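Engineer: Sequence and predicted model, in that order:
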Amino acid sequence: MSAPRLVVHRDKELMAEATAARLITAIVDAQSARGSASVVLTGGRNGNGLLAALGAAPARDAVDWSRLDLWWGDERFLPEGDADRNDTQAREALLGSVPLDPARVHTMPALGGEYGEDADAAAAGYAAELAAAAAQSGGSEDHGLVPSFDVLLLGVGPDTHVASLFPELPGVRETERAVIAVHGAPKPPPTRISLTLPAIRAAREVWLLAAGEDKAQAAAVALSGAGEVQAPAAGAYGRSRTLWLLDEAAAAKLPEELYPRH
Ligand SMILES: O=C1O[C@H](COP(=O)(O)O)[C@@H](O)[C@H](O)[C@H]1O
């Protein structure tokens, strides 16, 4: 487990641009060290803002997009192409405009697809895809169920949810499976698919994104010692690095000892 480190930017635009630059460097470094890179994407406003900034960054051409595996931390269980799906939004923000290898774009199953309306079977199917990739790559050092992701991105919801792990719902207590179906999520749509905390913690680096006033309380709670069942963001950390990337509005309620103002 790596303790969270905070990086606070002036505003959400600068946060997106600086994080895009950071992500390009991380991908290029991983590709140079291991031949390919793997990134887990998040949905939501901050995640899509980051992808748009990445698309606009001139240094994006430093990435070999054909040697990048993309996974998702969570998905809204809606039909393929639905405007509210995280993968649809990611394609619009970036993925449609870079030369990715389609076989390396690992979207989560859609409602009405291979698993029909069965979100639990869809979650098990995605877990099997992750396990196959982990077996192929030799597995991660501490969790053989998922590959050793280089960077796993998580948006932090105003209620401290990450991926589709919501406070007090059963998903946040999962200790065995890497992927679960979520039923009755408080944020629409109610049915979702999500990586679990053990799968998230298998990543080398976990980057949590929080920008805007409505994230200030969540950041303060999650970083001030709350338990992961009450504040799932508190349970998200990487093996080598855990970064909280915030803007000043989201950092506004952090205690002085975590974020000195002078
Ligand atoms: O529904 C979701 O919400 C969270 C946070 O989104 P935001 O718009 O409040 O930043 C997101 O991280 C997650 O992937 C998504 O499914």
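Structural biologist: Good, I have the coordinates. Just so you know, these numbers come straight off a predicted model, no measurement behind them. Residues are numbered from 1 along each chain as shown.
Engineer: number of nearby residues for the closest residue to the ligand within the stretch 151-262 of the chain?
Structural biologist: Closest to the ligand within the stretch 151-262 of the chain is residue 155: 2.7 Å, counting by CB to the nearest ligand atom. (Glycine included, C-beta is placed from N, CA and C.) Residue 155: 26 surrounding residues under other CB atoms under 10 Å.
Engineer: i'd like the first residue to be 337 from this point on
Structural biologist: Okay, using 337 as the starting number, the last item reads as residue 491.
Engineer: quick one, what contacts the closest residue in space to it that isn't next to it in sequence?
Structural biologist: Nearest residue to residue 491, sequence neighbours excluded (CB to CB, 6 or more residues apart in numbering): residue 380, at 3.6 Å. Counting by CB atoms under 8 Å, 6 or more residues apart in numbering, residue 380 touches 422, 491, 493.
Engineer: hang on, the first one packs against residue 413?
Structural biologist: Spelled out, that is residue 422. No - if you go by CB atoms under 8 Å, residue 422 and residue 413 don't touch, sitting 10.7 Å apart.
Engineer: Looking at those two, which is more packed in?
Structural biologist: Counted by other CB under 10 Å, residue 422 and residue 413 do not tie: residue 413 has more neighbours, with 29 against 26.
Engineer: and the closest residue to that one other than its chain neighbours, how many neighbours?
Structural biologist: Computed as CB to CB, 6+ apart, the closest residue to residue 413 that is not its neighbour in sequence is residue 527, at 4.3 Å. Neighbour count of residue 527, defined by other CB under 10 Å: 19.
Engineer: All the strands of this protein, residue numbers only.
Structural biologist: Per DSSP state E, the chain carries strands over the ranges 340-345, 373-377, 404-408, 410-412, 487-491, 515-518, 528-531, 541-546, 577-583.
Engineer: Check these for me and report the most buried one.
Structural biologist: strand 528-531 (a mean of 31; mean count of other CB atoms under 10 Å).
Engineer: Residues in contact with it: which ones?
Structural biologist: Strand 528-531 is contacted by residues 376, 409-413, 444-445, 455, 458-459, 462, 482, 499-501, 507, 514-518, 521 when judged by CB under 8 Å, 6+ apart.
Engineer: what do you get for stretch 344-359?
Structural biologist: Stretch 344-359 is contacted by residues 343, 375, 382, 385-386, 388-390, 392-393, 395-396, 487, 543, 545, 547-548, 581-585, 587, 595 when judged by CB under 8 Å, 6+ apart.
Engineer: For that stretch, which residues meet the burial criterion?
Structural biologist: Neighbour counts using 16 or more other CB atoms under 10 Å place 344, 345, 348, 351, 352, 353, 354, 355, 356, 358, 359 of stretch 344-359 among the buried residues.
Engineer: May I have the longest helix seen in the chain as CSV, with CA atoms only?
Structural biologist: If you go by DSSP state H, the chain has its longest helix at helix 348-370. Taking Å, rounded to 0.1, in the frame of the first residue of the first chain, the C-alpha atoms of helix 348-370 are listed here in CSV:
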residue,chain,number,x,y,z
LYS,A,348,-9.9,22.0,-13.3
GLU,A,349,-8.6,23.0,-16.7
LEU,A,350,-5.0,23.2,-15.5
MET,A,351,-5.5,20.0,-13.5
ALA,A,352,-6.7,18.2,-16.7
GLU,A,353,-3.8,19.5,-18.7
ALA,A,354,-1.1,18.7,-16.1
THR,A,355,-2.6,15.3,-15.5
ALA,A,356,-2.7,14.6,-19.2
ALA,A,357,1.1,15.5,-19.4
ARG,A,358,1.7,13.2,-16.4
LEU,A,359,-0.2,10.3,-18.0
ILE,A,360,1.6,10.7,-21.3
THR,A,361,4.9,10.4,-19.4
ALA,A,362,3.7,7.4,-17.5
ILE,A,363,2.6,5.6,-20.6
VAL,A,364,5.8,6.4,-22.5
ASP,A,365,7.9,5.2,-19.5
ALA,A,366,5.9,1.9,-19.2
GLN,A,367,6.2,1.3,-22.9
SER,A,368,9.9,1.9,-22.8
ALA,A,369,10.4,-0.3,-19.7
ARG,A,370,8.0,-3.2,-20.6
